[in-house]
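Participant: This is a predicted model, with the sequence first.
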Amino acid sequence: MTTGPDEAVVCRGLTYTFRRGRRKGGDTRAVDGVDLTVRAGEVFGLLGPNGAGKTTTIRAITTLLPTASGMVEVFGRDTAGRRAEVRRLLGYVPQQLSADAGLTGRENVALFARVFDVPRAERSARVAQALAAVDLTEAADRLAGTYSGGMVRRLELAQALVSAPRLLVLDEPTVGLDPIARASVWERVDAVRRATGMTVLVTTHYMDEADRHCDRIALMDRGRIRALGTPGELKARVREQDAALPDPTLDDVFRHFSGRGLARGEGTEGDFNDVRRTRRTANRVG
Ligand SMILES: Nc1ncnc2c1ncn2[C@@H]1O[C@H](COP(=O)(O)OP(=O)(O)OP(=O)(O)O)[C@@H](O)[C@H]1O
């Protein structure tokens, strides 16, 4: 075990290659030797353009992909050998829709409570608590299919929170939402974190969100971590190294370390699959 009590996630040399035939464009090394430590209790942001490898990294951390090469530990448990234990420590909100439109909000959360072995006697109280934590008490008995995009995201958050995870993993939690709905998702995450000390690992394209809500961020590009630190530290590094940028933004920081901008369309479009996945995610909450 390499993880200490202060470390929620440790990745060492994490590498993942998707194998595809040559006609389909050949193999893709989605994650290429990632070293990463997420400290217990922090909000850690994984930032990067489409196709940078963020989702693949968190799918390895959440045990949804096998650790093909390298090592991942979650609170000291190796994901390769102690998969079931790791899963019990996690709440995960994937990019793909994880709520069922044909069930009420309460039924959706109750389903997750059953799947994650919340004790039967505690279940209804825990479901109500999770719904309250995301401000869905009033809408709890309506079909999820009638919810707005922001409400669906908060419902998915409740689903992930009902098992009282020590680590909450959020993959693009605010993509496709309007600014008010985005702020509301973050408010709920921050409130639960303050109350429970839960660790949060989040991927996002939105630099302003990362700047405001993340204690530390890793800038990822083409499968590698290009820079890691607090937003303030990263900006200070750029300020020291580039006199032309006395007041750098995180986009400037990204450009400095990767040689290109983070904004969509700046040579960072990713491939067809990246576009398809992003559209699907944005559409489902639109
Ligand atoms: N199931 C898959 N099969 C083949 N290639 C894949 C698969 N999933 C991802 N990839 C490729 O791996 C690379 C990294 O993708 P990944 O989804 O991890 O990036 P990302 O940073 O999360 O991007 P996004 O912001 O679009 O979600 C991309 O080139 C992508 O096309």
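Facilitator: Perfect, I can see it now. Numbering: from 1, shown residues only.
Participant: Spell out which parts of the stretch 101-250 of the chain neighbour the ligand.
Facilitator: Within the stretch 101-250 of the chain, no position is adjacent to the ligand by C-beta under 6 Å from any ligand atom. Any C-beta I mention is one placed from the backbone N, CA and C, and that applies to glycine too.
Participant: Show me the helices in the stretch 101-250 of the chain, by range?
Facilitator: Applying DSSP state H, counting those that start in this stretch to the stretch 101-250 of the chain gives helices spanning 105-115, 120-133, 149-161, 179-196, 207-213, 231-241, 250-258.
Participant: Tell me which of those lies nearest to residue 223.
Facilitator: Of all those, helix 250-258 sits nearest to residue 223, with 11.7 Å by C-beta to C-beta.
Participant: on that earlier part again, want to throw the helices of the stretch 101-250 of the chain into CSV with mean pLDDT and mean neighbour count?
Facilitator: Conversion of the helices of the stretch 101-250 of the chain to CSV gives the following (pLDDT from 0 to 100; neighbours: other C-beta atoms under 10 Å):
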stretch, mean pLDDT, mean neighbour count
helix 105-115, 95, 21
helix 120-133, 94, 17
helix 149-161, 93, 24
helix 179-196, 90, 16
helix 207-213, 90, 18
helix 231-241, 92, 16
helix 250-258, 86, 22
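Participant: do you know which of the ones you listed lies nearest residue 48?
Facilitator: Closest of those to residue 48 is helix 250-258, at 7.9 Å (criterion: C-beta to C-beta).
Participant: burial of residue 43, as a residue count?
Facilitator: By other C-beta atoms under 10 Å, 22 other residues sit near residue 43.
Participant: And it, its phi and psi?
Facilitator: phi -100, psi 120 (degrees, to the nearest 10).
Participant: Repeat that for residue 33.
Facilitator: Taking degrees, to the nearest 10 as the convention, residue 33 sits at phi 70, psi 50.
Participant: now it: how far from the ligand?
Facilitator: Counting by C-beta to the nearest ligand atom, to the nearest Å, the gap from residue 33 to the ligand is 14 Å.
Participant: Now do the same for that residue: its pLDDT.
Facilitator: If you check residue 33, the pLDDT there is 95.
Participant: Is it correct that it is in contact with residue 13?
Facilitator: Yes. In this structure residue 33 lies within contact range of residue 13 using C-beta atoms under 8 Å: 5.4 Å.
Participant: intersection of neighbour lists for the two?
Facilitator: Common neighbours of residue 33 and residue 13 (criterion: C-beta atoms under 8 Å, 6 or more residues apart in numbering): residue 70.
Participant: What is the distance between stretch 53-72 and the centre of its chain?
Facilitator: 12 Å (C-alpha atoms, centre = their mean, to the nearest Å).
Participant: and if you look at stretch 148-155?
Facilitator: 16 Å.
Participant: just to revisit the earlier point, of all the helices of the stretch 101-250 of the chain, which one is nearest residue 51?
Facilitator: Relative to residue 51, the nearest member of the helices of the stretch 101-250 of the chain by C-beta to C-beta is helix 250-258, separated by 12.7 Å.
Participant: residues in contact with that closest one?
Facilitator: If you take C-beta under 8 Å, 6+ apart as the criterion, helix 250-258 is touched by 47-48, 207, 210-211, 217, 219, 221, 226-227, 231, 234-235, 237-238, 241-242, 245, 248, 260-263.
Participant: Could you look up the SS state of residue 30?
Facilitator: Following DSSP: H, G, I helix; E, B strand; the rest coil, residue 30 is assigned to strand.
Participant: pLDDT at it, what is it?
Facilitator: 92.
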